[in-house]
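Trainee: got a sequence here, can you build the structure:
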Amino acid sequence: MIQYLRDHGVSIPDPATGGPQAGTLSVVFRSLQNIEGPRTAALARTSTPEARAGPTASSTGRGRRGGSRTSALVPGLVQNAAARSNLAVVHTGGGSGGPVTVSVRLYDAATGSPVGTTLTKTLYEGDWYQWTRVLEKAGAFPGTTAAYAVVTRTSGDDTFLAYGVVNDAVTSDGSWISMIPSEEY
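Mentor: Predicted coordinates:
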């Protein structure tokens, strides 16, 4: 599928050049009737050469349901000999179209105490960013091996999406962790 998209004008770097193979994908459905719109979705499956099967990500509408305008919780982050977690954020638009800055604070899953340092990232509409081994990046690991993240928009007025992926240390198979918008926790 990646090669198909490249062949049809989508700018995705060739892995031979060392470019990243990750980011956002915008899908526009044209000529949908009103009744078809709510039942229409786009899904993406991700994988690595080592993985047998990667996680499947569902789509979210631009600036719509599925994103958050204030904060979100991403549970179930781990790092140990069996698995490691990544945490990603996406600017999904829906406001003025300007940049948003998000902060990430990790909390120990057993105690609820903050751990490590706060991570921040500024994103422009459509941008995606991932912290690989997020517990390590924040300086929480090895002291903390299970955590949850609270992702907070600190500037801008657009919507963001956050999610985690837990990767198996042996197979690299990933499991998707959906965020819980602040309105729901």
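
Trainee: how many neighbours does Asp157 have?
Mentor: For Asp157, the tally of surrounding residues (other C-beta atoms under 10 Å) stands at 13. Using the backbone N, CA and C atoms, a C-beta is placed for each residue, glycine as well.

Trainee: after the helix or strand of the chain with the lowest mean pLDDT, which helix or strand is next?
Mentor: When the helices and strands of the chain are scored by mean pLDDT, DSSP states H and E, strand 56-58 comes last with a mean of 54. Downstream of strand 56-58, the next assigned helix or strand under DSSP states H and E is strand 71-78.

Trainee: what ranges does the protein have for its strands?
Mentor: 43-45, 56-58, 71-78, 83-93, 100-108, 114-123, 128-131, 146-155, 159-168, 174-178, 180-181 (DSSP state E).

Trainee: of the ones you listed, which shows the lowest average pLDDT?
Mentor: Mean pLDDT is lowest for strand 56-58 among the strands of the chain, at a mean of 54.

Trainee: tell me how far the closest residue to Val134 other than its chain neighbours lies from Leu135.
Mentor: Excluding the flanking residues, the one nearest Val134 by C-beta to C-beta, 6 or more residues apart in numbering is Leu87, at 4.1 Å. Look at Leu87 and Leu135: by C-beta to C-beta, to the nearest Å, they are 9 Å apart.

Trainee: now do the shared contacts for these two.
Mentor: By C-beta atoms under 8 Å, 6 or more residues apart in numbering, Leu87 and Leu135 have these common neighbours: Leu77.

Trainee: check contacts around the residue nearest to Val134.
Mentor: Taking C-beta under 8 Å, 6+ apart as the contact definition, Leu87 lies against Val74, Leu77, Val104, Gln130, Trp131, Val134, Ala149, Val151, Ala162, Tyr163, Gly164.

Trainee: reformat those as CSV; add neighbour count and distance to Tyr4.
Mentor: Putting the contacts of Leu87 into CSV (neighbours: other C-beta atoms under 10 Å; distance: C-beta to C-beta, whole Å) gives the following:
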residue, neighbour count, distance to Tyr4
Val74, 24, 31
Leu77, 27, 33
Val104, 22, 34
Gln130, 17, 24
Trp131, 19, 29
Val134, 26, 32
Ala149, 27, 34
Val151, 25, 33
Ala162, 26, 29
Tyr163, 20, 25
Gly164, 26, 29
